[in-house]
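Participant: This is the structure alone, sequence omitted:
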């Protein structure tokens, strides 16, 4: 019994790593550009389909496809911000919400049109089934790698935002966009770079989501809700909080799923709501 | 205002009143098929007005409005079929239950800051839908049909029944319109309009904006619940995916209001009417239907955030249904220097 | 229009500049010139259009008419980052530091916005403002008003400007601190950097200026060398009586 639950918690923690990766990009776009991208989950699913297409067409491993995808995703995020979102961000939060809402529906239905309604997964060859034997537990190698990657990304983002020069300008624009524009620090440029970075996180999330779980054209919203819950649970703008939020949600879903398969998603939402009502500022708020 | 504009506004008002009169008498000259479409139109119009009240005036962008439609549907089924209550009382129960659910939902949603609020409402709606799928007496995830005897209470013959359901939808739409109109012209509405245009001015008017927003949020719930009950009566079936359909009761509604025009009472009418006209041509296109609507809404936001009505208003020189007194310059999007 | 004797072609020359905010017109076709390495003071009462002038130079107003030439190139309606990168740095009113960035990060923003290959070193700024060296790792919001003003000045200096625009740098600061800042401005000027000083405090800014312009309701009411006019004349043109 205890062993079962310990095992579930380990699985939940590892799943939480994936959820943290979902949330990193959302956290950055909220923290810097002050808007929630409703299409975040749909973009993740879109890139999963693209990775599937590239890997199949070129007969390459999906992880290699991800490496090829990363610069494209950066460019995609950059372009989206520059061409579309830049026109609507500002004091009125309604407009970017509605535009990304429209994008969400367009992406979902575009994917339905292009790829049909079938459920897909990605495969990375033998990595899919490899497992490790640690302290009496068998854990999949892929979940462990995903979790390690999540930790690395959190550390990397921390470095990028708090140690690098581009990070300083991103935080400057997040602090006071009017002051930045006034002294000649182009918020348009900084926003586009930030959205490019979001694009990179979306690509990584897309790859590891596809390796880990099924997806179809309409899976986007549920990924968005997970990312959103992780960001709010962790505390706005907190990178370590993102990891913690992901882990809590991962554990809640895994244990909920054990009780009854149908309870997996609901358990995650309910745990989120309870913690949110007790601690609306999040578990590790930055400010 | 120039004379030709005053004239065109007068003509616009006559068209509006004429359309309302035609709708009021529709069962006398339309068949069951057309009435069904019109019932659906009126229900969607109610949803559009309610979404617009929140997004266009109260600064609450909800993506979870389908939750209250679903709650209304399930409550209606529960009271009428499981408890055997009189169907007309069941409508009251549907409205009341939506309001009851809105209270805890409000506690969650209002703790979220503006940009997060939208997704917060979605989480709440998702939870309610998932819970609805776990209810044993409501057919779990696959739902259940209404017994024919319930439908018979609204008319022995099908065409009688369709007429009664249509009247109910018409009465709901009329009540929604009238009460929202008076809400917007009350101190609360004035405060919200002032907030939209200039936050400081609203503060100076001494209006408690948080309270005004809370009232709007709660205001919409019973109307959404009633719409859910009427939709259920028409479709004679409840199920989590259909009764809590985000596409039907939220996505389409948002597109209708955005395309028609946020922040006016005319916009939702225009958008919903256009939606039904377009649907005649686009519905068979399947996924393209939604892609086209999504693209259209984004293009409209880029051109005129106040939608088609915002464009028309420039031509007409004013609103047909004046909600705010005097001029209204912006919609929070005027650039401040 | 008097042009500084230190150069034949002025560093900055503005002709017929009008500034509009929607329907409101803040400046009415004014002419201003700043020579190489010159200190020019812009004085005027609240609302006379002083800040609008500075913001117009860096393209941060709704709409302008007229010509703005900087170092021989037309900069009117250019994007702000391009103007700053060409060698004009603004020390904005209210300092406008980025509160969550450290002192050092705030200063380094200057490198990013400034002239390409800016040769100004962080250590030079710390030599000018030694107190900032100790506080380099602190968030900017923890500093006193005077120290924040030093960071704002330092940020502008790291952009390696040829022209420094200072908007109300003494506002809200203790007199001794203002004295220190003005001493620093002189030493900055000695590096050959032109300075436009916008101040409501006439006495101090006129004391270090080579020339001045007095604005009244969006028009130039008086200009010349501070020594050419007595105090009463300047006060009269300042208040428009």
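Facilitator: Thanks, I have the structure now. Values in this document were obtained by computation on a predicted structure and should not be read as measured data.
Participant: Can you show me the strands along the chain?
Facilitator: In the absence of a named chain, chain A is used. Assigned by DSSP state E, chain A shows strands spanning A:131-134, A:137-140.
Participant: nope, chain C
Facilitator: Secondary structure of chain C, counting by DSSP E: strands at C:12-21, C:24-34, C:39-44, C:63-70, C:73-74, C:88-91, C:163-167, C:194-199, C:211-216, C:219-224.
Participant: that older thread, nearest to chain C, out of the strands of chain A?
Facilitator: Each of those was checked against chain C via CB to the nearest CB, and the shortest separation belongs to strand A:137-140, namely 38.8 Å. (C-beta placed from N, C-alpha, C; glycine too.)
Participant: Give the rounded mean pLDDT of that closest one.
Facilitator: Averaging pLDDT along strand A:137-140 yields 86.
Participant: Quick one, grab the pLDDT at the residue in chain C that chain A sits nearest to.
Facilitator: Closest approach between chain C and chain A, counting by CB to the nearest CB: residue C:84, at 3.0 Å. At residue C:84 the predicted local confidence, pLDDT, stands at 95.
Participant: Run through chain B and note the low-pLDDT ranges.
Facilitator: Filtered on pLDDT under 70, chain B yields the residue ranges B:1, B:197-206, B:324-337.
Participant: Go again with 90.
Facilitator: Low-confidence segments of chain B, defined by pLDDT under 90, span residues B:1-9, B:31-33, B:59, B:107-117, B:148-159, B:187-212, B:279-287, B:314-337.
Participant: Please name the residues that touch the residue nearest to the spatial centre of chain C.
Facilitator: To find the centre residue of chain C, average its C-alpha atoms and take the closest one (CA atoms, centre = their mean): that gives residue C:165, at 1.7 Å. With contact set as CB atoms under 8 Å, 6 or more residues apart in numbering or on different chains, residue C:165 has these partners: C:54, C:57-58, C:88-91, C:196, C:198.
Participant: and chain B, which of those contact it?
Facilitator: Among these, not one lies near chain B by CB under 8 Å from any CB of the partner chain.
Participant: Which stretches in the chain count as helices?
Facilitator: Let's take chain A. Secondary structure of chain A by DSSP state H: the helices cover A:2-33, A:40-58, A:62-83, A:94-115, A:141-163, A:165-175, A:177-183, A:187-212, A:220-234, A:239-259, A:263-278.
Participant: actually chain C
Facilitator: So, for chain C - with DSSP H - the helices run C:50-57, C:80-85, C:103-113, C:122-128, C:130-134, C:145-158, C:175-189, C:202-208, C:231-239.
Participant: mind checking how far the shortest one is from the chain centre?
Facilitator: On the basis of CA atoms, centre = their mean, to the nearest Å, the separation between the geometric centre of helix C:130-134 and that of its chain is 23 Å.
Participant: Same check on the longest one?
Facilitator: On the basis of CA atoms, centre = their mean, helix C:175-189 sits 14 Å off its chain's mean C-alpha point.
Participant: again with the second one
Facilitator: For helix C:80-85, the gap between its own C-alpha mean and the chain's C-alpha mean amounts to 15 Å (CA atoms, centre = their mean).
Participant: returning to that earlier point: could I get the helices of chain C as TSV with mean neighbour count?
Facilitator: Listed next are these as TSV, based on neighbours: other CB atoms under 10 Å in any protein chain shown:
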stretch	mean neighbour count
helix C:50-57	25
helix C:80-85	21
helix C:103-113	24
helix C:122-128	15
helix C:130-134	13
helix C:145-158	24
helix C:175-189	15
helix C:202-208	17
helix C:231-239	14
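Participant: Adding distance to residue B:136, write these out as TSV.
Facilitator: Output for the helices of chain C, formatted as TSV (distance: least, CB to CB, whole Å):
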stretch	distance to residue B:136
helix C:50-57	67
helix C:80-85	64
helix C:103-113	60
helix C:122-128	70
helix C:130-134	70
helix C:145-158	65
helix C:175-189	75
helix C:202-208	81
helix C:231-239	83
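Participant: For the stretch 151-287 of chain A, which residues are neighbours of chain C?
Facilitator: Near chain C, when you scan the stretch 151-287 of chain A using CB under 8 Å from any CB, you find A:165, A:168-169, A:171-172, A:174-176, A:179-186, A:189.
Participant: Could you pull up the contacting residues of the spatially most central residue of chain B?
Facilitator: Nearest to the mean C-alpha position of chain B, counting by CA atoms, centre = their mean, stands residue B:47 at 1.4 Å. Applying CB under 8 Å, 6+ apart, one finds that residue B:47 lies in contact with B:65, B:69, B:224, B:227, B:249, B:253.
Participant: what's the closest non-adjacent residue to it?
Facilitator: In this structure, residue B:47 finds its nearest non-sequential neighbour in residue B:253, 4.6 Å apart by CB to CB, 6 or more residues apart in numbering or on different chains.
Participant: Could you check the angle the strand or helix carrying that neighbour makes with helix A:94-115?
Facilitator: Residue B:253 is part of helix B:252-260 when elements are defined by DSSP states H and E. Taking axes from the mean of the first three to the mean of the last three CA atoms, to 10 degrees, helix B:252-260 and helix A:94-115 form an angle of 120 degrees between their directions.
Participant: what angle separates the following helix or strand past helix B:252-260 from helix B:252-260?
Facilitator: Sequence-wise, the next helix or strand downstream of helix B:252-260 (DSSP H and E) is helix B:266-282. With the same axes, to 10 degrees as the criterion, the two stretches helix B:266-282 and helix B:252-260 enclose an angle of 110 degrees.
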